[in-house]
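Visitor: Build me a model from this:
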Amino acid sequence: MGVGQQNTNRQQDTGNEDWDALKGDVGDIAGAAVERSRYFIDSAREQATDYVDRRKDDIAQSVADFATSLRESTHSFDERPNIRAVVDTAAEGLEQLADTIRERTFADFFNDFEDVVRRRPATVAAVTVAVGFLTARFIKSTAEDLRHDRMSTNIAQGGQGRAPQGQRSRAKART
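Guide: Now for the predicted structure:
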């Protein structure tokens, strides 16, 4: 083996050592980044859980207050015992719900929700679609109401409000 060949082998060995050292450094940095991200995720989860646990007491109190109001409203149904019984039963159910909310942690609720999702994915999907549809209808209705209110305000101020497409075509049909 010649001297040139030995120098080439040493350079390759040095290059491999540098490469291995670089891979080790990158691995250490990646490990530290993963560890730090786990810490941040755990911290965020803990803060969110603490916030929800504090708010759940407020929600439980609101449900209990609603149950009390519902129970107080039964005085007007003295002549109708069937209706009063239904309202009392509903108020009792709401009081039980308020107690359940107070007694359980957010983690308990989340675990129950996860169990339902795993056991009945089709039902959860259907409910999600229905909620999405209702939300879209609500947003669309609210936008139409805002548009109508803006148009009414413009007309009341003497400006020419721009009528929605359906109203313009009806106005043209009348003329």
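
Visitor: C-alpha from now on. contacts and neighbour counts both.
Guide: Noted.

Visitor: what does stretch 39-52 contact?
Guide: The contact list for stretch 39-52, computed with CA atoms under 8 Å, 6 or more residues apart in numbering, reads Phe106, Ala107.

Visitor: what's the burial count for Ala60?
Guide: Per other CA atoms under 10 Å, the neighbour tally for Ala60 reads 21.

Visitor: for Ser37, same thing?
Guide: Going by other CA under 10 Å, the residues that sit close to Ser37 add up to 12.

Visitor: how far away is it from Thr49?
Guide: 18 Å (CA to CA, to the nearest Å).

Visitor: Over to Val124?
Guide: If you measure Val124 against Thr49 using CA to CA, the figure is 23 Å.

Visitor: Next: Thr142.
Guide: When distance is defined by CA to CA, Thr142 is 33 Å away from Thr49.

Visitor: now Phe109
Guide: As judged by CA to CA, Phe109 and Thr49 stand 11 Å apart.

Visitor: more neighbours, the two?
Guide: Thr49 (15 against 12).

Visitor: Please, which helix or strand holds that one?
Guide: helix 3-72 (DSSP states H and E).

Visitor: can you give me the mean pLDDT across that helix?
Guide: The average pLDDT within helix 3-72 is 81.

Visitor: After it, which helix or strand is next? Please name it.
Guide: Taking DSSP H and E, what comes next after helix 3-72 is helix 81-103.

Visitor: got the buried residues for whichever helix or strand comes after that next one?
Guide: Next helix or strand after helix 81-103 toward the C-terminus (DSSP H and E): helix 106-119. Neighbour-count burial for helix 106-119 flags Phe106 (criterion: 16 or more other CA atoms under 10 Å).
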